[in-house]
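>>> model the following, please.
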Amino acid sequence: MALDELQSFLNEKVELYNHPDFIESDPIQIPHLYSQKEDIEIAGFLSATIAWGNRKMIIKNAQRMMELMGNSPYDFVMSHTDDQLERMESFVHRTFNGTDMVFFIKSLQNIYHNHNGLEAVFAQHQQPDSMQAGITEFKRVFFEIEHQNRTQKHVSDPANGSAAKRINMFLRWMARKDNKGVDLGIWKSISPAALSCPLDVHSGNVARKLGLLTRKQNDGKALAELDKKLRLMDPNDPVKYDFALFGLGVFEGFK
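Reported below is the predicted structural model:
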(Lines give C-alpha, C1' and ligand atoms only; values in the text may rest on other atoms or scores of the structure.)
Protein backbone atom coordinates (compact mmCIF):
# COMPACT_ATOMS: atom_id res chain seq x y z
CA MET A 1 0.00 0.00 0.00
CA ALA A 2 1.39 3.41 -0.99
CA LEU A 3 1.92 5.94 1.80
CA ASP A 4 -0.94 8.19 0.72
CA GLU A 5 -3.32 5.21 0.53
CA LEU A 6 -2.18 4.00 3.94
CA GLN A 7 -2.61 7.48 5.38
CA SER A 8 -6.15 7.68 4.01
CA PHE A 9 -7.00 4.24 5.40
CA LEU A 10 -5.63 5.07 8.85
CA ASN A 11 -7.29 8.49 8.92
CA GLU A 12 -10.65 6.76 8.41
CA LYS A 13 -9.91 4.46 11.36
CA VAL A 14 -8.86 7.42 13.53
CA GLU A 15 -12.23 9.03 12.82
CA LEU A 16 -14.00 5.78 13.68
CA TYR A 17 -12.29 5.11 17.02
CA ASN A 18 -11.40 8.62 18.24
CA HIS A 19 -14.95 9.01 19.53
CA PRO A 20 -16.52 9.40 23.01
CA ASP A 21 -17.86 5.83 22.75
CA PHE A 22 -14.21 4.69 23.03
CA ILE A 23 -14.06 5.94 26.64
CA GLU A 24 -16.47 3.40 28.15
CA SER A 25 -14.14 0.46 27.44
CA ASP A 26 -10.83 2.21 28.10
CA PRO A 27 -8.90 3.19 31.26
CA ILE A 28 -9.03 6.82 30.07
CA GLN A 29 -12.49 6.87 31.65
CA ILE A 30 -10.85 7.22 35.09
CA PRO A 31 -9.28 10.69 34.59
CA HIS A 32 -12.48 11.71 32.81
CA LEU A 33 -14.24 11.43 36.18
CA TYR A 34 -12.55 14.62 37.38
CA SER A 35 -12.51 18.32 36.53
CA GLN A 36 -9.57 19.70 38.55
CA LYS A 37 -6.26 19.56 36.65
CA GLU A 38 -4.32 17.84 39.43
CA ASP A 39 -7.05 15.25 40.00
CA ILE A 40 -7.12 14.46 36.27
CA GLU A 41 -3.37 14.02 35.94
CA ILE A 42 -2.93 11.95 39.12
CA ALA A 43 -5.90 9.73 38.23
CA GLY A 44 -4.51 9.39 34.71
CA PHE A 45 -0.99 8.59 35.84
CA LEU A 46 -2.05 5.92 38.33
CA SER A 47 -4.53 4.35 35.89
CA ALA A 48 -1.94 4.27 33.10
CA THR A 49 0.61 2.71 35.48
CA ILE A 50 -1.54 -0.41 35.91
CA ALA A 51 -2.72 -0.51 32.29
CA TRP A 52 -1.55 -3.98 31.34
CA GLY A 53 -3.57 -7.18 31.19
CA ASN A 54 -7.34 -7.50 30.96
CA ARG A 55 -8.92 -4.10 30.26
CA LYS A 56 -11.97 -4.71 32.47
CA MET A 57 -9.69 -5.63 35.36
CA ILE A 58 -7.52 -2.56 34.72
CA ILE A 59 -10.59 -0.32 34.91
CA LYS A 60 -11.94 -2.08 37.99
CA ASN A 61 -8.64 -1.78 39.83
CA ALA A 62 -8.14 1.84 38.75
CA GLN A 63 -11.58 2.59 40.20
CA ARG A 64 -10.46 0.86 43.39
CA MET A 65 -7.41 3.13 43.51
CA MET A 66 -9.65 6.18 43.34
CA GLU A 67 -11.94 4.82 46.07
CA LEU A 68 -8.97 4.25 48.37
CA MET A 69 -8.13 7.92 47.89
CA GLY A 70 -11.67 9.02 48.72
CA ASN A 71 -12.20 9.89 45.03
CA SER A 72 -10.10 13.02 45.64
CA PRO A 73 -6.67 11.95 44.37
CA TYR A 74 -4.86 15.31 44.61
CA ASP A 75 -6.19 16.06 48.09
CA PHE A 76 -5.20 12.57 49.20
CA VAL A 77 -1.69 12.84 47.74
CA MET A 78 -1.07 16.18 49.44
CA SER A 79 -2.75 15.70 52.85
CA HIS A 80 -3.14 11.99 53.63
CA THR A 81 -2.56 10.69 57.15
CA ASP A 82 -0.42 7.68 58.02
CA ASP A 83 -3.58 5.69 58.76
CA GLN A 84 -5.03 6.56 55.34
CA LEU A 85 -1.78 5.56 53.67
CA GLU A 86 -1.89 2.19 55.41
CA ARG A 87 -5.16 1.44 53.62
CA MET A 88 -3.23 1.52 50.35
CA GLU A 89 -1.26 -1.54 51.41
CA SER A 90 -4.21 -3.75 50.50
CA PHE A 91 -4.10 -2.74 46.84
CA VAL A 92 -2.95 -5.28 44.23
CA HIS A 93 -2.97 -5.28 40.44
CA ARG A 94 -0.90 -8.13 39.07
CA THR A 95 2.68 -7.36 40.18
CA PHE A 96 1.83 -3.82 41.34
CA ASN A 97 1.15 -4.16 45.06
CA GLY A 98 0.50 -2.12 48.19
CA THR A 99 4.18 -1.35 48.71
CA ASP A 100 4.32 0.14 45.23
CA MET A 101 1.08 2.05 45.76
CA VAL A 102 2.29 3.65 49.01
CA PHE A 103 5.53 4.73 47.34
CA PHE A 104 3.69 6.18 44.33
CA ILE A 105 1.60 8.37 46.67
CA LYS A 106 4.72 9.59 48.52
CA SER A 107 6.58 10.26 45.27
CA LEU A 108 3.66 12.18 43.78
CA GLN A 109 3.54 14.29 46.94
CA ASN A 110 7.25 15.05 46.50
CA ILE A 111 6.70 16.00 42.86
CA TYR A 112 3.87 18.42 43.68
CA HIS A 113 5.68 19.85 46.73
CA ASN A 114 9.12 20.25 45.21
CA HIS A 115 8.91 20.06 41.40
CA ASN A 116 5.78 22.04 40.47
CA GLY A 117 3.79 18.94 39.54
CA LEU A 118 3.76 16.21 36.91
CA GLU A 119 3.46 18.47 33.86
CA ALA A 120 6.52 20.52 34.84
CA VAL A 121 8.69 17.43 35.32
CA PHE A 122 7.78 15.90 31.96
CA ALA A 123 7.96 19.19 30.04
CA GLN A 124 11.39 20.18 31.29
CA HIS A 125 13.36 17.83 29.03
CA GLN A 126 11.04 17.46 26.05
CA GLN A 127 12.44 17.74 22.54
CA PRO A 128 10.61 19.06 19.44
CA ASP A 129 9.78 15.56 18.19
CA SER A 130 10.30 13.36 21.24
CA MET A 131 9.32 12.96 24.88
CA GLN A 132 11.74 10.11 25.51
CA ALA A 133 14.37 12.22 27.32
CA GLY A 134 11.55 13.76 29.33
CA ILE A 135 10.37 10.30 30.40
CA THR A 136 13.88 9.34 31.48
CA GLU A 137 14.17 12.52 33.54
CA PHE A 138 10.74 11.88 35.03
CA LYS A 139 11.85 8.45 36.24
CA ARG A 140 14.94 9.97 37.85
CA VAL A 141 12.83 12.52 39.72
CA PHE A 142 10.16 9.97 40.62
CA PHE A 143 12.66 7.75 42.40
CA GLU A 144 14.78 10.48 44.01
CA ILE A 145 13.17 9.76 47.40
CA GLU A 146 13.80 6.56 49.36
CA HIS A 147 12.22 3.52 47.70
CA GLN A 148 12.43 -0.23 47.30
CA ASN A 149 14.17 -1.45 44.15
CA ARG A 150 11.17 -3.62 43.23
CA THR A 151 9.04 -0.54 42.57
CA GLN A 152 11.31 0.82 39.83
CA LYS A 153 10.03 -1.77 37.35
CA HIS A 154 6.65 -0.01 37.30
CA VAL A 155 8.06 3.11 35.61
CA SER A 156 9.69 2.42 32.24
CA ASP A 157 12.81 4.19 31.00
CA PRO A 158 13.54 4.75 27.28
CA ALA A 159 17.23 5.08 28.18
CA ASN A 160 17.10 1.35 28.96
CA GLY A 161 15.57 0.51 25.59
CA SER A 162 11.92 0.46 26.71
CA ALA A 163 9.05 1.59 24.48
CA ALA A 164 7.48 3.02 27.69
CA LYS A 165 4.00 2.18 26.43
CA ARG A 166 2.05 3.18 29.53
CA ILE A 167 3.80 6.52 30.02
CA ASN A 168 3.44 7.39 26.34
CA MET A 169 -0.26 6.59 26.65
CA PHE A 170 -0.54 8.82 29.72
CA LEU A 171 1.21 11.65 27.85
CA ARG A 172 -1.24 11.26 24.97
CA TRP A 173 -4.15 11.58 27.39
CA MET A 174 -2.70 14.72 28.99
CA ALA A 175 -1.15 16.63 26.07
CA ARG A 176 -3.29 15.80 23.03
CA LYS A 177 -6.46 17.84 22.48
CA ASP A 178 -8.53 17.59 19.30
CA ASN A 179 -11.98 18.33 20.74
CA LYS A 180 -13.21 14.82 19.93
CA GLY A 181 -13.91 14.16 23.61
CA VAL A 182 -11.43 11.34 24.24
CA ASP A 183 -7.96 12.74 25.00
CA LEU A 184 -8.09 15.33 27.77
CA GLY A 185 -5.45 17.77 26.49
CA ILE A 186 -5.00 19.64 29.77
CA TRP A 187 -1.21 20.07 29.45
CA LYS A 188 -0.33 23.10 27.36
CA SER A 189 3.47 23.02 27.76
CA ILE A 190 3.92 19.78 25.78
CA SER A 191 3.28 19.79 22.03
CA PRO A 192 1.33 16.88 20.50
CA ALA A 193 4.10 16.84 17.86
CA ALA A 194 6.47 15.47 20.53
CA LEU A 195 4.26 12.53 21.51
CA SER A 196 4.93 8.88 20.66
CA CYS A 197 2.54 6.03 19.97
CA PRO A 198 1.91 3.73 22.97
CA LEU A 199 3.47 0.66 21.41
CA ASP A 200 2.08 -2.66 22.64
CA VAL A 201 1.37 -6.10 21.21
CA HIS A 202 -1.80 -4.92 19.42
CA SER A 203 -0.46 -1.74 17.83
CA GLY A 204 2.84 -3.47 17.07
CA ASN A 205 1.24 -6.38 15.22
CA VAL A 206 -1.01 -4.08 13.20
CA ALA A 207 1.91 -1.76 12.38
CA ARG A 208 3.93 -4.72 11.08
CA LYS A 209 1.09 -5.98 8.92
CA LEU A 210 0.69 -2.50 7.42
CA GLY A 211 4.43 -2.16 6.74
CA LEU A 212 4.94 0.62 9.29
CA LEU A 213 7.26 -1.48 11.42
CA THR A 214 9.86 -4.13 10.61
CA ARG A 215 11.49 -4.66 14.01
CA LYS A 216 10.11 -7.73 15.76
CA GLN A 217 10.44 -6.60 19.40
CA ASN A 218 8.16 -3.92 20.85
CA ASP A 219 11.04 -1.92 22.30
CA GLY A 220 12.48 1.57 22.11
CA LYS A 221 14.07 0.98 18.69
CA ALA A 222 10.72 -0.22 17.32
CA LEU A 223 9.04 2.87 18.75
CA ALA A 224 11.58 5.13 17.01
CA GLU A 225 10.93 3.31 13.72
CA LEU A 226 7.16 3.62 14.10
CA ASP A 227 7.40 7.27 15.17
CA LYS A 228 9.34 8.11 12.04
CA LYS A 229 6.68 6.57 9.79
CA LEU A 230 3.75 8.15 11.64
CA ARG A 231 5.39 11.58 11.48
CA LEU A 232 5.54 11.30 7.70
CA MET A 233 1.74 11.12 7.72
CA ASP A 234 1.11 13.81 10.34
CA PRO A 235 4.12 15.56 11.92
CA ASN A 236 1.90 17.75 14.10
CA ASP A 237 -0.23 14.97 15.59
CA PRO A 238 1.44 11.60 14.90
CA VAL A 239 0.00 9.88 17.96
CA LYS A 240 -3.57 10.20 16.67
CA TYR A 241 -2.78 7.02 14.72
CA ASP A 242 -2.74 5.13 18.01
CA PHE A 243 -6.54 5.09 17.74
CA ALA A 244 -6.31 3.44 14.32
CA LEU A 245 -3.65 0.87 15.24
CA PHE A 246 -5.26 -0.01 18.57
CA GLY A 247 -8.78 -0.13 17.12
CA LEU A 248 -7.72 -2.33 14.23
CA GLY A 249 -5.97 -4.73 16.60
CA VAL A 250 -8.39 -4.91 19.52
CA PHE A 251 -11.77 -4.32 17.91
CA GLU A 252 -11.25 -5.69 14.40
CA GLY A 253 -8.73 -8.46 15.03
CA PHE A 254 -6.52 -7.08 12.24
CA LYS A 255 -3.23 -9.01 12.58
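
>>> run through the helices of this protein in chain order.
Using DSSP state H, the helices found in the chain span residues 3-17, 37-49, 55-68, 73-79, 82-87, 98-114, 118-123, 132-142, 165-175, 201-209, 220-233, 241-250.

>>> out of the ones you listed, the one nearest Ile28 is which?
For these, proximity to Ile28 was assessed by Cβ to Cβ; helix 165-175 is nearest, at 5.7 Å. All C-beta atoms are positioned from the backbone trio N, CA, C, and that covers glycine.

>>> Met1 against Lys209, yeah?
No - here Met1 does not reach Lys209: they are 10.4 Å apart, not a contact under Cβ atoms under 8 Å.

>>> ok, these two, which is more surrounded?
Ranked by neighbour count (other Cβ atoms under 10 Å), Met1 and Lys209 place Lys209 first, with 14 against 10.

>>> is the more buried one in contact with Phe254, as I believe?
Yes - under the criterion of Cβ under 8 Å, Lys209 makes contact with Phe254 at 6.8 Å.

>>> pLDDT weak spots in the chain?
For the chain, applying pLDDT under 70 flags the ranges 255.

>>> try it again at 80.
For the chain, applying pLDDT under 80 flags the ranges 1, 253-255.

>>> circling back: winner for burial among the helices of the chain?
helix 165-175 (a mean of 26; mean count of other Cβ atoms under 10 Å).

>>> that one to helix 37-49, inter-axis angle?
Interaxial angle, helix 165-175 versus helix 37-49 (axes from the mean of the first three to the mean of the last three Cα atoms, to 10 degrees): 160 degrees.

>>> end-to-end on stretch 22-37?
22 Å (Cα to Cα, to the nearest Å).

>>> swap in stretch 144-158?
18 Å.

>>> was I right to think Cys197 contacts Val206?
No - counting by Cβ under 8 Å, Cys197 stays clear of Val206, with 10.8 Å between them.

>>> mutual contacts of those two, please.
Both Cys197 and Val206 are contacted by Leu245, under the criterion Cβ atoms under 8 Å, 6 or more residues apart in numbering.
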